[in-house]
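Enquirer: My questions are about this predicted structure, shown below with the sequence.
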Amino acid sequence: MGAINKNFAGSIYEASVGLGIHPLFITAMTCLESDWGRKSVLEHNLFGERYEEPWNGGRKLIRVTEIHPSVPKLLEGEFVVSKSTLNDGMIKYIIMRWYKDYHSIRECLCDHIRVFDQFPNAMKYKGDAHEFPKKLSNEPFIGKNGQKLYKKYDSSPNYSKYIEIMYKTLLKLGIK
């Protein structure tokens, strides 16, 4: 583990203190889901959060590649740069999409962790870095209208195990 990973993890941990969910979990989740920040869309958009209404923060058009069976839905100001049909009949689009342009890592984390409010049983364990991911892995995601949208927070059946492995890595880096 290099200094870059240690610095990234340290900045995430520091930004997550006081957000209401154990900072070790937020740090592990962010390092895992953003590949230590390498998959960020913009400087502080670590989770690839697309702009959608309502959002009062900044936004920026970003060039992305998407595969769809038909014409994708576009927001005002978004546009297709190019499209080509793939061998399987799907269509590859190069699109200019709006993404949230956060001012800080903390703003990004605050916005992203709101999704956990959709897991009321897991949120009872939000202060326990080890139990919280286990509960997230077993609770269905309930939408704002009360409808079950997904089976759980992450599609991986081993999400809580990956988080525990990430905890060990963070401990080696001095992140507690």
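Expert: Perfect, thanks for sending it.

Enquirer: rest of the way, CA atoms for contacts and neighbours
Expert: Will do.

Enquirer: Could you list the low-confidence segments of this structure?
Expert: Residue ranges of the chain with pLDDT under 70: 1-2, 141-144, 146-155.

Enquirer: Where does the record place the domain boundaries for it?
Expert: Domains of the chain are assigned by automatic domain parsing as 3-41+103-172, 58-101.

Enquirer: Out of these, which one sits most buried?
Expert: Mean neighbour count (mean count of other CA atoms under 10 Å) peaks for domain 3-41+103-172 among the domains of the chain, with a mean of 17.

Enquirer: Would you check that residue 127 makes contact with residue 22?
Expert: Yes. Contact status for residue 127 versus residue 22: in contact at 4.8 Å, counting by CA atoms under 8 Å.

Enquirer: roughly how far apart are the residue nearest in space to the middle of the chain and residue 29?
Expert: By CA atoms, centre = their mean, the mean C-alpha position of the chain lies nearest to residue 47, the distance being 3.5 Å. Distance check for residue 47 against residue 29: by CA to CA, to the nearest Å, it reads 10 Å.

Enquirer: Could you do residue 23 as well?
Expert: Residue 23 is 10 Å from residue 29, by CA to CA.

Enquirer: what residues are up against the most far-flung residue of the chain relative to its centre?
Expert: Largest separation from the mean C-alpha position in the chain: residue 87, at 30.9 Å (CA atoms, centre = their mean). Contacts for residue 87 (CA atoms under 8 Å, 6 or more residues apart in numbering) come out as none.
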